[in-house]
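[1] Sequence and predicted structure, then a few things I'm wondering about:
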Amino acid sequence: MLARQRQAAILDRVRSTGGVRVTDLATEFGVSDMTIRRDLETLHERGLLAKVHGGATAAGPGSTDEPGFDAKSVRQPAEKAAIATRAAELVRPGAAIALSAGTTTAELARRLVDVPGLTVVTNSLPVAEVFHTAGRPDQTVVLTGGVRTPSNALVGPLAVAAVRSLHLDLLFLGVHGITERAGYTTPNLMEAETDRALVAAADRLVVIADHTKWGTVGISSIVELAAADVLVTDDRLAPEARRVLGEHVGELVIVPGTEGEQ
């Protein structure tokens, strides 16, 4: 197990139990106490947990806070619908595309079920369910394997291995946060690795993210801002964010009609 995977597992344990002991983690992962202490120190320095004598406790919500899919679905529904409608215009019949996990990509999936001849690769269970329910015989849906996250994404080595052999026209990437320094981020270390594999497999990257993602930072960076060929967002995005993104991404698309919505 890589250090970042072990640290992700440690964070999951802290979130679920509220605290961990060094000796228990060392036994579980088959490493020395010193290795676990270094992991805890790394996570503590990032503000992701609080070190205590003999272990660590939760530091509260932060860059590893990962709401479930249902919880995220009720946030910014108007913005997500508008973004998805605009992003769907980028898809042509017969294309091979990928949709990452996320509630905005699930909205996009609902707008793509009538596009003929699509091949859709996804690591999102809700996205796959949208296409499965539609049941178009001329569409092919490839669902990666992997470990399920709280946001219903499939991640980890199996998902990465499934994606690495593919060549895709477009990737629509949903993200947890966006900042100038960290780029596009996620609160799940293994999800970041899976997303990077999807980025590498696609000719073009389209990031779809509402205005609330600006200024939010997840624990792991996926790619830098400039990696996006297109970023589709809503018109409630702050002026400074528009300036920064306009300088870095290939094309910044601001979807009108959501400003002032609550």
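    Nice, thanks for sending it over.
[2] Going by C-alpha atoms from here, please, whenever you check contacts or count neighbours.
    Fine.
[3] next one: phi and psi at the closest residue to Leu158 other than its chain neighbours?
    Spatial nearest neighbour of Leu158, chain neighbours left out: Gly146 (5.0 Å); criterion: C-alpha to C-alpha, 6 or more residues apart in numbering. Main-chain dihedrals, Gly146, degrees, to the nearest 10: phi 130, psi -180.
[4] measure Gly146 to Thr194 for me?
    Distance of Gly146 to Thr194, computed by C-alpha to C-alpha, to the nearest Å: 9 Å.
[5] Then Ala227?
    Counting by C-alpha to C-alpha, the gap from Ala227 to Thr194 is 16 Å.
[6] nearest residue to Glu191 other than its sequence neighbours?
    Nearest one to Glu191, counting by C-alpha to C-alpha, 6+ apart, is Val155 at 5.2 Å.
[7] Now for the residue nearest to Leu158, how many residues are close by?
    Close neighbours of Gly146, defined as other C-alpha atoms under 10 Å, add up to 19.
[8] What of Val31?
    For Val31, using other C-alpha under 10 Å, the count is 12.
[9] what helix or strand is it on?
    In this assignment (DSSP states H and E), Val31 forms part of neither any helix nor any strand.
[10] And Ala82, by the same measure?
    Going by DSSP H and E, Ala82 is in helix 77-88.
[11] elements contacting that helix?
    Packing contacts for helix 77-88, counted by 3 or more C-alpha pairs under 8 Å, 6 or more residues apart in numbering; DSSP states H and E, involve helix 103-110, strand 202-208, strand 230-234, strand 251-255.
[12] Show me where this structure has its helices.
    In the chain, the segments counted as helices under DSSP state H are 3-17, 22-29, 33-45, 69-73, 77-88, 103-110, 125-134, 157-164, 189-201, 239-248.
[13] In TSV: these, plus distance to Val223, mean neighbour count and mean pLDDT.
    Shown next, in TSV, are the helices of the chain (distance: least, C-alpha to C-alpha, whole Å; neighbours: other C-alpha atoms under 10 Å; pLDDT from 0 to 100):
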stretch	distance to Val223	mean neighbour count	mean pLDDT
helix 3-17	17	17	81
helix 22-29	29	15	93
helix 33-45	21	17	91
helix 69-73	22	14	67
helix 77-88	20	22	95
helix 103-110	18	24	96
helix 125-134	22	18	96
helix 157-164	16	19	96
helix 189-201	7	23	96
helix 239-248	12	14	94
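[14] Which among the ones you listed is found nearest to Ser151?
    helix 69-73 (4.5 Å; C-alpha to C-alpha).
[15] Please tell me how far the residue sitting furthest away from the middle of the chain sits from Gly177.
    Most distant from the centre of the chain: His53, at 33.7 Å, with distances by C-alpha atoms, centre = their mean. Distance, His53 to Gly177, by C-alpha to C-alpha: 32 Å.
[16] if I pick the residue sitting nearest the centre point of the chain, what's in contact with it?
    The residue lying closest to the centre of the chain (C-alpha atoms, centre = their mean) is Val175, at 4.3 Å. Val175 is in contact with 102, 184-186, 207-209, 213, counting by C-alpha atoms under 8 Å, 6 or more residues apart in numbering.
[17] By neighbour count, which of these wins?
    Busiest of the contacts of Val175 [other C-alpha under 10 Å] is Tyr184, holding 30 neighbours.
[18] which residues touch that one?
    175-178, 221-225.
[19] Which one (most neighbours) among those?
    Neighbour max across the contacts of Tyr184 (other C-alpha under 10 Å) = Val175, 29 neighbours.
[20] Serialize the helices and strands packed on helix 77-88 to a markdown table and add fields for distance to Thr122.
    A markdown table is the format used below for the helices and strands packed on helix 77-88 (distance: least, C-alpha to C-alpha, whole Å):
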| stretch | distance to Thr122 |
| --- | --- |
| helix 103-110 | 10 |
| strand 202-208 | 12 |
| strand 230-234 | 19 |
| strand 251-255 | 23 |
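[21] Thanks a lot, see you next time.
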